[in-house]
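> Just to be clear, the model below is a prediction. Sequence and coordinates:
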Amino acid sequence: MGWVPDEWSIDHESLIEAGGYVQRLKMYPYFDAAHYILTCLSIRQDLGPDAIQFSRKHPFSCWLSCLLMSFAGSFLSGFLLGEPIVTPLKRHDDVILATIVWYFVFYSPFDIFYKLCNLFPVKVGLSVLKEIQRASKIAAGVKHAGRIYPESYLVQILVGVAKGAGAGVVKIVEQLARGTWIPTNHEILRPSFTTKACVVAASVFTMERHSMYVTAPHDLVYLCVVGFFVYFKLASLCLSVHDVLQPIENILCAIFMGGIIDAFAKAVESTKQAIQSNRSLSEEEILAKEREKVLKKKKALQTQSNGVDKKND
Amino acid sequence: MGWVPDEWSIDHESLIEAGGYVQRLKMYPYFDAAHYILTCLSIRQDLGPDAIQFSRKHPFSCWLSCLLMSFAGSFLSGFLLGEPIVTPLKRHDDVILATIVWYFVFYSPFDIFYKLCNLFPVKVGLSVLKEIQRASKIAAGVKHAGRIYPESYLVQILVGVAKGAGAGVVKIVEQLARGTWIPTNHEILRPSFTTKACVVAASVFTMERHSMYVTAPHDLVYLCVVGFFVYFKLASLCLSVHDVLQPIENILCAIFMGGIIDAFAKAVESTKQAIQSNRSLSEEEILAKEREKVLKKKKALQTQSNGVDKKND
Amino acid sequence: MGWVPDEWSIDHESLIEAGGYVQRLKMYPYFDAAHYILTCLSIRQDLGPDAIQFSRKHPFSCWLSCLLMSFAGSFLSGFLLGEPIVTPLKRHDDVILATIVWYFVFYSPFDIFYKLCNLFPVKVGLSVLKEIQRASKIAAGVKHAGRIYPESYLVQILVGVAKGAGAGVVKIVEQLARGTWIPTNHEILRPSFTTKACVVAASVFTMERHSMYVTAPHDLVYLCVVGFFVYFKLASLCLSVHDVLQPIENILCAIFMGGIIDAFAKAVESTKQAIQSNRSLSEEEILAKEREKVLKKKKALQTQSNGVDKKND
C-alpha cells in the first residue's frame, strides 16, 4: 500500500506483454509513413537550398532518390543475400505510400507539409515511430538471415545492420542518382551512432537467437531494443547527446587499435633517444670537463709561473 | 471499285497477321547485329577524337565497354531480378557476333566499316532494325517479369524498361570501365526520349497482359508499339523531331510538379506584398497628405497673418 | 647409372602424383594466411605514408577494405553468378583469420609483423604460397561455373579469372570504402600480368575440362599451372621480369588490333600524298620550265636586238 496503486507496478509479466504488443504492431501504414517522411526530409536537407528547384527540374531523379533511400535496407540486404533487388517494389502499397510522401514533402502547396513536419514536436513523434520501425526491421533481417544461414552469426548481424542502417551505404548510389558524387565522406569511413546502435541491436538479436549470453525471453529483449533506440533518439533530439558509444569506442580504440601500443612505442623511442643523447652528452661533457681541467691546470701553472716570475723580478 | 485494289485494303485481320509476323521475327543475327553496330558507333562517338588511339592502347577495356553496352539491358534486368549477371554471356553466338561487330567498327582497314555505317541511308536502316529489336526486348522483359511477379505491375514495367533502355544506366559503369567518370550527367537526371518511350511501351505491354484499359489482341498491340518506335526514330533521324513527349511532360509537370502551385504561391506572395506595400503606402500617403494639409493650413494662416501684418503696417 | 640416383628421375607417374598432392593441399590456414598477409600489405602500401594514421582514425573502414580485398575473388564471382555475396563470410574461420592478419599488419607492437613480412625471403615464401592458393581458386572457380553452365566456356573462364584476379576489379569498390576514388587507373584499363596469367590458367583449365586441345591428365595440368604461377612470381620478385606476356601481346596487337593495318593505311595515305605532290610538282615544274624557256628566248631576243642596236650605233 505505497504511493503508487498496485496495478501500476512494473512486473516481469506486464513487460513481456508490452514487448509482445510492440512486436505485433503493424508497420504499415503509420510507422512506414513516418520513416518515409523523415527519409524525404533528410534528402531535401541534403539537397540544400536548391532542393525545390531540383525537384522541379529533375522530378524523376528526385523520386528515385527518395525511393532508393526509403527502401535502402531492403535493397542492400537483397543485394547481400543475392535476392532480387526489386523485392521491396513488389508490394504496391509501400511504393504508393512512399510516392505520396515524396510528393507531399516536395510539392505540397505553400510547403505546408514540409513546415509541419519540421515542427519540433511533430519531428519527435515521427522519430519515435521511425525508431520502432527500425527495431522491427532489424529483428526481421536477423530472422530472415538466420533462416538461410543458421550457423553464420556474422551474416545474421550484417543483414540486420543492413536492414536497419542500410541508408548510409545506399546513400552513395542515391547521391549518384542525383548527380552528385562525394566519395570522401560516407558512413563506412565515419559510422554514425545509428549505425553503431544497429550493430549492437543486431548482435543482441543474434545472440538471443542462439541463446548465447542473452537468455531473457524474446519479447523482453525486443522491448529493450526498442527502448534503447527510442531513448537515444530522444536524447539526441532533445538533449543533443549525439553519440553515447563514443567514449566506449575511444577506450576500445585506445586499448586495441594502437593507442596504448603506439604510446608505448613512442615512449620507448623517446627513452632510447634520451639515453643516446644522454650518453653522447656525457661523453662530450667528459671531454669538456677534461678540457676544462687541462685549462685550469694550465692557468694554475701559468699563475704559478707568473708568481714565480714576479717573485723572480 | 476505288483507286486501290481490294487486296490492298488494311483490314483488322491482315494487321493482326502482320503483328504476328513481326513478333515471330528472329532477332539473331540481323536485328542483333544492327543493335551491336549502333551501340559500338555510339561508344566510338562518346570516346571523341581519341577513339582510334584509345582502341589501340586499351583494346580490352574497349571490348568490355562494347560488350557491357551491347548486353546492357540483360545485365541490368538480371541485376534487378537477382539472376546471374553472366546470363547474356551464356550464348556464344551473341558474344561472338558482338565481338565481330566491335572489331569491325574499331579496326576495319581504312575505317571502311565505320564510314559505311555512318552513311545516312545505312544508319536509317540499322536504326529501324534496332527499334524492332528494342520492342521485342521490352515485350520479353515484361513477359519474363510477369512470370516471376505476376501481381506486381511496377516490377514488370521496370524490367521492361531496363531491357529496352538499360544502356542509359549501364553507361555509368561502362564509362568507369573506360576510365572516365561523369557523375553529373546521366540518364536518370535527364531521361532521353528513348527511355520515356520505353516506359510507355512497357506500360502498354503490362496493361495488355492484365487486360487493363488495353483490350486489343496482343499481335496488334505489338505492331503498334513497333510502329511507334520506328516512326519516332525516323522522325528523330530525318526531321530532327527529338522529343514528342516533351510538351505532354511539360504540361504534366506544370500541373502536378509544382508549376501551377508554385505560380499560385508566388501570386499569393506578391499579392500579400502588394497589399502590405499598398497599406503602408496609403498610411504614409495619409501622413503625407495630413502633413501637406497641415502645411497648407499653416501657409494659409501665414499668408493671412502676413496680409493682416501688411494691413497692420 | 648416371650422376643422379635412379629414384630421382622425373617420370610421368611421379609428376602426376606430385600434381595430385598439390591439388589435395588444404588452403586453410597457411595458404589463405599468406594470401591475406600479402593483401593487407598491398593495402597498406596503397594507403601510402598515412597508412598508420588512417588505420587509427578509421579502423572499421580499414578492416572492411582488407576483408573486401581478401575475399575479392569470391565476392566478384558471387556477384557475377547471382549468388549471395555474403557467402565468403559464412565460414567464420576465414573471417577470423583475415581479421587476425589485418590486426597484426596494422596494429602489431613496434610494427614487428609488418617489418618481418617485408623481409625479402619471407615475402618470397608468402608469394609462393599465395600463387599456389591462386591456382587452387581458379580451378575451383572453373569447376563451379562448369557445373552451373556446362556449355558456356566464356562464363567458366570469366569466373575462373574473377576468382583468381578479382582483386583488381574489387579494388575500385575497396578504394571507395576508404574514401578515395581513382576512376582513371584500374585493372580493366591496364591489366596486370597476374590478370593475364589468370586468363591463361582459366582457359587451360576450361579446355582441359572439355578435352579441347589439352589432353594431359588433370593432375599434370594442375601442376603445370601452379609451376607457371610460381615461376613467374619468382621471376618478377627476384629478376624483376614483370610481364613475359607483353611481347606476345604486342605482336598480337600489332597484327590484329590495327598495328599493321594502320601502318598500311598510313603508307597508302602517304603514298597517295607523295603521288599527288609529285604530280602537282611536275606540272608546276613544267610550267616553270616553260616560263624559263620563254624568258630565255626573250632574253636571247633582247641580247640579239641589243647587239643589233650596238652595231647600229
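Ah, there it is.
> Near the residue in the stretch 201-313 of chain A that chain B sits nearest to, how many other residues are there?
Per CB to the nearest CB, A:A202 is where the stretch 201-313 of chain A lies closest to chain B, at 22.6 Å. Placement of C-beta: from N, CA and C, glycine included. The local packing of A:A202 (other CB atoms under 10 Å in any protein chain shown) involves 27 other residues.
> Next, see if the helix or strand harbouring it gets close to chain C.
If you go by DSSP states H and E, A:A202 is part of helix A:193-209. No: with CB under 8 Å from any CB of the partner chain as the criterion, chain C is not reached by helix A:193-209; the gap is at least 9.3 Å.
> Closest residue of the stretch 101-250 of chain A to chain B?
Going by CB to the nearest CB, chain B is nearest to A:W181 of the stretch 101-250 of chain A, at 3.7 Å.
> How many neighbouring residues does that residue have?
Applying other CB under 10 Å, we find 15 residues neighbouring A:W181.
> do the one 5 residues further on as well
Residues contacting A:H186 under the criterion other CB under 10 Å number 18.
> which SS state does it fall under?
coil (DSSP: H, G, I helix; E, B strand; the rest coil).
> what's the nearest residue to it if we skip its chain neighbours?
Nearest residue to A:H186 in three dimensions, chain neighbours excluded: A:I172, at 5.7 Å (CB to CB, 6 or more residues apart in numbering or on different chains).
> what's the pLDDT at that neighbour?
As predicted, A:I172 sits at a pLDDT of 92.
> Give the other helices and strands that the helix or strand encompassing it contacts.
Following DSSP H and E, the helix or strand that holds A:I172 is helix A:167-177. Contact here means 3 or more CB pairs under 8 Å, 6 or more residues apart in numbering or on different chains; DSSP states H and E; on that basis helix A:167-177 packs against helix A:30-47, helix A:59-70, helix A:72-80.
> Alpha carbons only: can I get the first one in CSV?
The one in question is helix A:30-47. Only the C-alpha atoms of helix A:30-47 are listed here, as CSV (Å, rounded to 0.1, in the frame of the first residue of the first chain):
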residue,chain,number,x,y,z
TYR,A,30,1.8,4.7,-39.8
PHE,A,31,5.3,3.6,-38.9
ASP,A,32,6.4,3.2,-42.5
ALA,A,33,5.0,6.6,-43.3
ALA,A,34,7.0,8.2,-40.5
HIS,A,35,10.1,6.5,-41.9
TYR,A,36,9.4,7.7,-45.4
ILE,A,37,8.7,11.3,-44.2
LEU,A,38,12.0,11.5,-42.3
THR,A,39,13.9,10.0,-45.2
CYS,A,40,12.4,12.5,-47.7
LEU,A,41,13.1,15.4,-45.2
SER,A,42,16.8,14.3,-44.9
ILE,A,43,17.1,14.1,-48.7
ARG,A,44,15.6,17.6,-49.0
GLN,A,45,18.1,18.8,-46.4
ASP,A,46,20.9,17.1,-48.3
LEU,A,47,19.9,18.9,-51.5
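> Give me the buried positions along whichever helix or strand comes after it.
Using DSSP H and E, the helix or strand that directly follows helix A:30-47 along the chain is helix A:51-57. Neighbour counts over helix A:51-57 (16 or more other CB atoms under 10 Å in any protein chain shown) mark A:51-52, A:54-56 as buried.
> I'd like to know which elements helix A:51-57 is packed against.
Judged by 3+ CB pairs under 8 Å, 6+ apart, helix A:51-57 is in contact with helix A:30-47, helix A:59-70, helix A:92-107.
> what's the pLDDT at the residue of the stretch 101-250 of chain A found nearest chain C?
Using CB to the nearest CB, A:P183 is the residue of the stretch 101-250 of chain A that sits closest to chain C, at 3.7 Å. Predicted confidence (pLDDT) for A:P183: 87.
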